[in-house]
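Participant: Here is my input, please return the structure:
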Amino acid sequence: MTLTANITELDMDPRLKEILRETGGPARRPIPTDTSSSKGSSAYQVHTYPTKVPPGAIEPFILASSEPDSVVLDPFCGSGMTGLAALNTGRRALLSDLAPGAVHLAHNHSHPVPPTVIAAAMTSLTTAMTPTEVALYASNCPTCGRLERLRHQVWTDVHTCTQCSEPIRVWDQKTESGSSSRTLTCGKCGNEQTRSGLSGVPTQPAEKAVACGSCRKLQRGPADEHDLTLLATIAQRPVTHWVPKVPLGPDREMYRRSALHLRNVTQVADFWNHRSQLALSELWHYITTKADQKVQSALKFAFTNTAWHATRMRRYNAFGGQRPLTGTLYIPQLIAEGNVFEIFRHQVAQVSRFYSTHPALQDLEGGVDRSFARQSSATDLSWLPSSSIDYVFTDPPFGANLFYGDCNVVWESWLGDVTDLTEEIVVNKSLPSTAGGKSLDDYEKLLSGAFSEVRRVLAPGARASVVFHNADDKVWSALLAATDHAGLVQTDVSVLDKMQRSMKGYKGRSGAELVPFFDLVITFTAGAKGDVQNLNGAGEIALEAIRRHLATLPQGDKNEVTHQRSLEYLYSLSIGAVIANGAKPTGLSFKALEELLNSNLANKDRHYYLS
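Facilitator: Numbering: from 1, shown residues only. Sure, this is the predicted structure:
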């Protein structure tokens with residue numbers, strides 16, 4: 001064990017001081033070169049977040065770069081997966097983020113509550129909330145007529161025909177999967193028109209789903225007279241408890257990208273219809289005023305995910321699994337309004353399942369806390385002494401691809417604190433600098449400040465690993481310039497396959513994703529940058545590395561399609577090769593690499609082969 005120097009220099013939280021008092025120290029074992037991890041674990045799925053790196057993908061890096069009881073820091077902690085990976089490997093975790101919603105998730109991911117305590121609290125909560133649930137969600141089974149509880153109600157947009165003014169329901173012309181068609185045909189005059197050219201977007205109830213105890217299955221059918229009468233009654237019922245009303249407008253980038261001005265959204269409360277506002281406000285009031293303090297954090301953890309799933313963003317899917325589109329604020333034309341209490345019960349069950357096998361459960365019950373989460377900017381780690389951290393693993397924002405402050409506002413608003421957009425490290429050209437607008441140069445300077453703080457707090461010989469990807473070579477160059485300026489020297493580059501497309505690449509209403517789903521993990525140490533020996537251009541380095549890689553794959557009759565031949569994988573590989581050669585990927589954008597490979601290799605459906 002290593003005694004951390006200077007922990008008495010700062011007036012720090014006693015919990016933080018205890019974590020830093022003695023540590024395992026840094027390690028320098030070989031870094032994994034290619035790693036992957038599934039997103040199917042209970043830890044990964046317990047609460048939504050715009051982006052996550054699965055804990056299983058982080059753990060090999062922690063094991064290679066630290067010892068048992070070492071302190072692992074993540075200054076862009078997001079949902080807190082680094083903290084969970086640290087606890088899984090017997091390390092201690094320090095987590096910080098600018099976003100209050102991220103700190104809420106990071107804390108709850110690393111501080112389990114015993115499932116028995118949650119179960120007892122849910123018994124009391126269910127007794128108290130059942131009358132409200134019945135009053136809001138009672139519905140007749142479409143098959144047997146028995147009065148049961150609504151599982152979800154589908155709402156459809158209704159447009160007006162440009163030729164004869166006849167109402168056109170999107171529900172009536174949905175695809176087999178339940179998505180809304182881009183073109184609609186008027187049932188009266190036969191005029192075919194694109195949705196973008198239609199006026200009027202009121203909504204009407206369409207299909208409902210009722211979990212029937214008598215039929216013993218989920219029964220679907222059209223909303224009936226009872227449902228319409230109930231909705232009319234609910235519309236007259238005032239919301240008596242608090243609902244967040246954070247103003248929203250075109251000053252938020254995701255507001256513009258998600259076209260919320262067309263969906264009558266002017267404040268965060270507009271993401272929920274009236275029935276959902278009634279249910280959520282009753283539930284939140286109970287949790288914050290009547291639930292036992294020992295279990296409030298776990299119930300709030302489940303509630304913030306419930307609030308997201310209960311929004312108008314929840315997309316209808318004919319095959320089930322209705323959920324909002326992660327990483328956006330998009331409101332679809334077919335909305336699956338869920339029973340808030342049913343969603344909450346499901347989220348609580350997920351939390352309990354996750355906590356039941358949590359590595360910190362026994363420690364916390366014994367009074368030992370091995371993780372600490374704090375709200376602060378990555379550019380200011382003054383709450384940490386110099387040379388106090390054994391390893392850093394972090395996942396900073398990827399340029400202009402995703403605006404966490406906008407995406408998190410749905411659940412942060414319930415917590416009473418939203419992200420300060422003026423400090424967010426993103427490229428945002430839609431706002432003036434006084435309101436949080438930032439150029440690529442601003443982004444680079446902020447990253448440089450964050451990495452300078454990382455270098456300061458690293459213990460001698462310690463490493464820092466950074467997860468990153470972008471299809472824009474200029475953003476890559478900004479990242480590398482920031483690490484250079486901070487005095488961090490790259491030592492290893494690894495490919496991280498998260499087994500699923502990353503939402504960090506969301507570019508707007510087109511749905512195009514320009515960020516490949518193979519991230520890179522670049523590992524650094526503190527020190528002076530050496531001379532670059534390889535002076536080849538980025539394109540030449542990339543092409544040589546890709547040819548070497550393809551030569552290792554099966555040839556001839558076994559020349560099968562594999563993800564390691566995909567353009568996405570090869571882009572990650574090429575950027576890694578360029579960085580490993582001490583060069584910058586100037587000019588090597590995703591599109592530029594595609595053109596380079598098409599000119600030099602055989603292309604079969606965006607999978608590449610040696611000519």
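
Participant: And the next helix or strand past the strand ranked longest in the chain?
Facilitator: If each strand of the chain is counted by residues according to DSSP state E, the longest one is strand 147-160. Counting by DSSP states H and E, the next helix or strand C-terminal to strand 147-160 is strand 167-169.

Participant: how many other residues sit next to the residue lying closest to residue 74 once chain neighbours are set aside?
Facilitator: Closest residue in space to residue 74, ignoring its immediate chain neighbours: residue 82 at 3.8 Å, by Cβ to Cβ, 6 or more residues apart in numbering. In this view, the C-beta of every residue, glycine as well, is placed from N, C-alpha and C. Neighbouring residues of residue 82 were enumerated by other Cβ atoms under 10 Å; the total is 35.

Participant: three-state assignment of residue 82?
Facilitator: In the three-state summary, residue 82 is assigned as helix, counting by DSSP: H, G, I helix; E, B strand; the rest coil.

Participant: distance between the longest strand of the chain and the chain's centre?
Facilitator: A distance of 27 Å separates the C-alpha centroid of strand 147-160 from that of its chain, computed with Cα atoms, centre = their mean, to the nearest Å.

Participant: which parts of it are buried?
Facilitator: Along strand 147-160, the positions that meet the burial threshold by neighbour count (16 or more other Cβ atoms under 10 Å) are 148-160.

Participant: tell me the contacts of the residue nearest to residue 74?
Facilitator: Going by Cβ atoms under 8 Å, 6 or more residues apart in numbering, residue 82 touches 53, 58, 72, 74, 93, 95, 393-395.

Participant: From residue 73, how far off is it?
Facilitator: Spatial separation of residue 82 from residue 73 under the definition Cβ to Cβ, to the nearest Å is 8 Å.

Participant: and for these two, which residues touch both?
Facilitator: Each of 93, 95, 394 lies in contact with both residue 82 and residue 73 under the rule Cβ under 8 Å, 6+ apart.

Participant: okay, the residues you listed in a markdown table with secondary structure next?
Facilitator: As requested, the shared contacts of residue 82 and residue 73 are exported to a markdown table (three-state DSSP):
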| residue | secondary structure |
| --- | --- |
| 93 | strand |
| 95 | strand |
| 394 | strand |
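
Participant: Highest neighbour count among those?
Facilitator: The residue in the shared contacts of residue 82 and residue 73 with the most neighbours, by other Cβ under 10 Å, is residue 95 (30 neighbours).

Participant: what secondary structure does the closest residue to that one other than its chain neighbours sit in?
Facilitator: Here the nearest residue to residue 95 in space, its sequence neighbours aside, is residue 77; by Cβ to Cβ, 6+ apart that works out to 3.8 Å. Following three-state DSSP, we place residue 77 in the coil state.

Participant: what about residue 77, neighbour count?
Facilitator: Here the number of neighbours of residue 77 (other Cβ under 10 Å) works out to 30.

Participant: Same question for the one 10 residues further on.
Facilitator: Residues near residue 87, counting by other Cβ under 10 Å, number 23.

Participant: I'd guessed it sits against residue 362; true?
Facilitator: No: when contacts are counted by Cβ atoms under 8 Å, residue 87 is not listed as touching residue 362 (11.2 Å).

Participant: Which helix or strand contains the most far-flung residue of the chain relative to its centre?
Facilitator: When each C-alpha in the chain is compared with the mean C-alpha position (Cα atoms, centre = their mean), residue 189 comes out farthest, at 44.6 Å. Using DSSP H and E, residue 189 is not contained in any helix or strand.

Participant: Residue 193 too?
Facilitator: Assigned by DSSP H and E, residue 193 falls within strand 192-194.

Participant: next one: that strand to chain centre, how far?
Facilitator: Between the mean C-alpha location of strand 192-194 and the chain-wide mean there is a distance of 35 Å, by Cα atoms, centre = their mean.

Participant: Next: stretch 290-301.
Facilitator: The chain centroid and the centroid of stretch 290-301 are separated by 23 Å under Cα atoms, centre = their mean.

Participant: That stretch - what's its average pLDDT?
Facilitator: The average pLDDT for stretch 290-301 rounds to 95.

Participant: With just CA atoms, put it into PDB.
Facilitator: The C-alpha coordinates for stretch 290-301 follow below in PDB (Å, rounded to 0.1, in the frame of the first residue of the first chain):
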ATOM      1  CA  LYS A 290     -42.700   9.800   2.500                       C
ATOM      2  CA  ALA A 291     -40.200   7.100   1.500                       C
ATOM      3  CA  ASP A 292     -37.600   6.100   4.100                       C
ATOM      4  CA  GLN A 293     -34.300   8.000   3.700                       C
ATOM      5  CA  LYS A 294     -32.400   4.700   3.500                       C
ATOM      6  CA  VAL A 295     -34.100   3.800   0.200                       C
ATOM      7  CA  GLN A 296     -34.800   7.200  -1.400                       C
ATOM      8  CA  SER A 297     -31.700   7.200  -3.500                       C
ATOM      9  CA  ALA A 298     -32.600   3.800  -5.100                       C
ATOM     10  CA  LEU A 299     -36.200   4.900  -5.700                       C
ATOM     11  CA  LYS A 300     -35.000   8.200  -7.300                       C
ATOM     12  CA  PHE A 301     -32.600   6.100  -9.400                       C
END
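
Participant: From what I see, residue 438 and residue 430 are in contact.
Facilitator: No: under the criterion of Cβ under 8 Å, residue 438 makes no contact with residue 430, lying 10.3 Å away.

Participant: if you count what's nearby, which of the two comes out ahead?
Facilitator: Applying other Cβ under 10 Å to residue 438 and residue 430 shows that residue 438 carries more neighbours, namely 21 against 16.

Participant: how about the strands of the stretch 51-200 of the chain, start to end?
Facilitator: Secondary structure of the stretch 51-200 of the chain (DSSP state E, counting those that start in this stretch): strands located at 71-74, 92-97, 138-140, 147-160, 167-169, 183-185, 192-194.

Participant: For the last one, enumerate the helices and strands it packs against.
Facilitator: In this structure, strand 192-194 makes packing contacts with strand 183-185, judged by 3 or more Cβ pairs under 8 Å, 6 or more residues apart in numbering; DSSP states H and E.

Participant: The strand it packs on pairs with which strands, parallel or anti?
Facilitator: strand 192-194 (antiparallel) (DSSP bridges).

Participant: ok, and what's touching the strand it pairs with?
Facilitator: Contacts made with strand 192-194 from outside it, assessed by Cβ under 8 Å, 6+ apart, are listed as 161-163, 182-186.

Participant: Show me which helix or strand of this structure is least confident by mean pLDDT.
Facilitator: When the helices and strands of the chain are compared on mean pLDDT, DSSP states H and E, strand 2-3 comes out lowest with a mean of 50.

Participant: Quick one: name whatever helix or strand follows it.
Facilitator: The C-terminal neighbour of strand 2-3 among helices and strands, as given by DSSP H and E, is helix 14-21.

Participant: Please identify the pairing partners of the next helix or strand after that next one and their relative orientation?
Facilitator: Sequence-wise, the next helix or strand downstream of helix 14-21 (DSSP H and E) is strand 22-23. Taking DSSP bridges as the criterion, strand 22-23 sits next to strand 2-3 (antiparallel) in its sheet.

Participant: Sort out which of the contacts of strand 192-194 are buried, if you could.
Facilitator: If you count burial by 16+ other Cβ under 10 Å, the buried members of these come out as 161, 184, 186.

Participant: Name the nearest of those relative to residue 476.
Facilitator: Lowest distance from residue 476 to the buried ones among the contacts of strand 192-194 (Cβ to Cβ) belongs to residue 184, with 42.3 Å.

Participant: and the residue lying closest to residue 231 once chain neighbours are set aside, what helix or strand is that in?
Facilitator: Closest residue in space to residue 231, ignoring its immediate chain neighbours: residue 205 at 6.8 Å, by Cβ to Cβ, 6+ apart. Secondary structure assigned from DSSP H and E places residue 205 in strand 203-212.

Participant: Please identify the helix or strand for residue 287.
Facilitator: Assigned by DSSP H and E, residue 287 falls in helix 274-289.

Participant: Domain map for this structure?
Facilitator: The chain resolves into domains spanning 23-111+358-530, 115-342, 532-610 when parsed by the TED database.
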